[in-house]
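Novice: Here is a sequence with its predicted model. Questions after.
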Amino acid sequence: MSLTISLNDGSQVPWLGFGTGTALFGQDAATFVKAAIETGITHLDGAQAYRNEETLGKGIKDSGVKREKLFITTKLAETPAGPIKSTLKTSLKDLGVDQVDLFLIHSPFLARKEEGKLKQWWKEMEEIKKEGLAKSIGVSNFKVEDLQVILEDATIIPSVNQIEMHPYIWDTASVVYDFCKEKGIVVQSYGGLSPITVYSGGSVDPILASAAERLSKESGTTVSPGQVLTKWLIQKGVIIITTSSKVSRIKESLAVPSLPDLTSDEISAIETEGLKVHKRYRMRHVFDE
Ligand SMILES: NC(=O)C1=CN([C@@H]2O[C@H](COP(=O)(O)OP(=O)(O)OC[C@H]3O[C@@H](n4cnc5c(N)ncnc54)[C@H](O)[C@@H]3O)[C@@H](O)[C@H]2O)C=CC1
Ligand SMILES: O=CCc1c[nH]c2ccccc12
């Protein structure tokens, strides 16, 4: 199913993005990116910080799928190695493309520390969009306060804020989510599966299990708790970034839009139980200062 989500600049983004940020710095992404594209993925999520843009580019090339059929994101390093535009030009060369579909400020951590820096970074991002080096521009790991700073002077509203989003972080993520919605900024989620991959045994587990059982009966296929989490994210209207080197798991994710929807009671139960705890999996330094 080719579900897309519209950005505030009119671009269409495939609902599921395949991430290349792994636990290993600089891990060669070519093989798993090629396999993901062959399985049906059309949206790739990279970053300068992952130090594997060249192999992401190789995976894309090896897949044989035309550039215009793919949506490619990269992100500005948390500590950029020079002017933003020149870092992006290096990324474009490594990726083997003339333009990325989406370029994000990966983190406001460094720029927050210097008066005026976030606003200056955003101005540079706007230039990049105007020059066509990135079709859309956005941010990642921005709190409401960070967004407010750049929105004061922005001539282009960020299209996206990519944040950690799952039930156990819904206490703080929902505040950012609501603000983004009000401003027309689409939320991209990462870490969506962490309730089952990192924090299993929590109070959301039984709700995921019972929803999975109901959806399995209704769809006549076996639905997993991971697919229920993915369904929750889809019904929140976010673009999902996930990853897996296993083709079977990518297929599982790609099948989710065809499953019946969660009921409003199931959604409320997931959020109510999730709100009882706070667990941040990634980028803690950006949020906990
Ligand atoms: N902007 C940012 O600061 C960040 C961005 N990201 C991006 O998001 C991507 C995904 O990040 P994660 O947090 O790892 O995503 P995630 O929470 O979706 O977890 C993915 C992991 O879950 C497992 N998995 C995948 N499919 C599964 C399934 N169907 N059932 C059970 N387990 C499954 C795999 O082990 C995989 O490594 C990264 O590769 C990166 O591109 C990730 C973290 C921070
Ligand atoms: O994008 C955030 C998480 C992540 C995964 N791998 C790396 C490598 C370097 C910085 C951040 C990350």
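Specialist: Happy to help now that I have it. Ligands and ions are numbered 1, 2, ... in the order given.
Novice: can we go C-alpha only for contacts and neighbour counts from here?
Specialist: Fine.
Novice: how about the residues of the stretch 151-289 of the chain that lie near ligand 1?
Specialist: Contacts of the stretch 151-289 of the chain with ligand 1, taken as CA under 6 Å from any ligand atom, map to 162, 190-194, 197, 226, 241-244, 249, 252-253, 282.
Novice: Please, a PyMOL command that selects the buried ones among these?
Specialist: Per 16 or more other CA atoms under 10 Å, the buried members of these correspond to this PyMOL selection:
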select buried, resi 162+190+191+192+193+194+226+241+242+243+244+253
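Novice: And the residues of the stretch 151-289 of the chain next to ligand 1, which is closest to ligand 2?
Specialist: The closest of those to ligand 2 turns out to be Arg282 (CA to the nearest ligand atom; 6.2 Å).
Novice: quick revisit: just the ones in strands from the residues of the stretch 151-289 of the chain next to ligand 1, please.
Specialist: Gln162, Tyr190, Ile241, Thr242 (DSSP state E).
Novice: With adjacent residues omitted, what lies nearest to the third one?
Specialist: This means Ile241. Gly17 (4.5 Å; CA to CA, 6 or more residues apart in numbering).
Novice: Make sure the one you found is indeed in a helix.
Specialist: No - the assignment for Gly17, made by DSSP: H, G, I helix; E, B strand; the rest coil, is strand rather than a helix.
Novice: which residues touch it?
Specialist: Applying CA atoms under 8 Å, 6 or more residues apart in numbering, we find Gly17 in contact with Ile41, Thr42, His43, Leu44, Asp45, Ile239, Ile240, Ile241, Thr242, Thr243.
Novice: Include distance to ligand 2 when you put those residues into CSV, please.
Specialist: Converted to CSV, those look like this (distance: CA to the nearest ligand atom, whole Å):
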residue, distance to ligand 2
Ile41, 19
Thr42, 19
His43, 16
Leu44, 13
Asp45, 9
Ile239, 15
Ile240, 14
Ile241, 11
Thr242, 11
Thr243, 11
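Novice: Just among those, which is most surrounded?
Specialist: Neighbour counts for the contacts of Gly17 peak at Leu44, which has 26 neighbours (criterion: other CA atoms under 10 Å).
Novice: so what strands line up beside the host helix or strand of it?
Specialist: Element membership of Leu44, judged by DSSP states H and E, is strand 43-45. Strand pairing for strand 43-45, using DSSP bridges, gives strand 16-19 (parallel), strand 71-76 (parallel).
Novice: now what about the last one, what contacts it?
Specialist: Outside of strand 71-76, the residues that reach it under the criterion CA under 8 Å, 6+ apart are 13-14, 42-49, 84, 87-88, 91, 100-106.
Novice: now check that strand, is it near ligand 1?
Specialist: No - using CA under 6 Å from any ligand atom, we find that strand 71-76 stays clear of ligand 1, coming within 7.9 Å at best.
Novice: quick one: that strand near ligand 2?
Specialist: No - judged by CA under 6 Å from any ligand atom, strand 71-76 and ligand 2 are separated, with a smallest distance of 8.7 Å.
Novice: Show me the contact partners of the very next helix or strand once past that strand.
Specialist: Remark: after strand 71-76, the chain's next helix or strand is helix 84-95, criterion DSSP H and E. The contact list for helix 84-95 (CA under 8 Å, 6+ apart) reads 48, 53-58, 74, 76, 80-81, 98-100, 121, 124-125, 128, 133.
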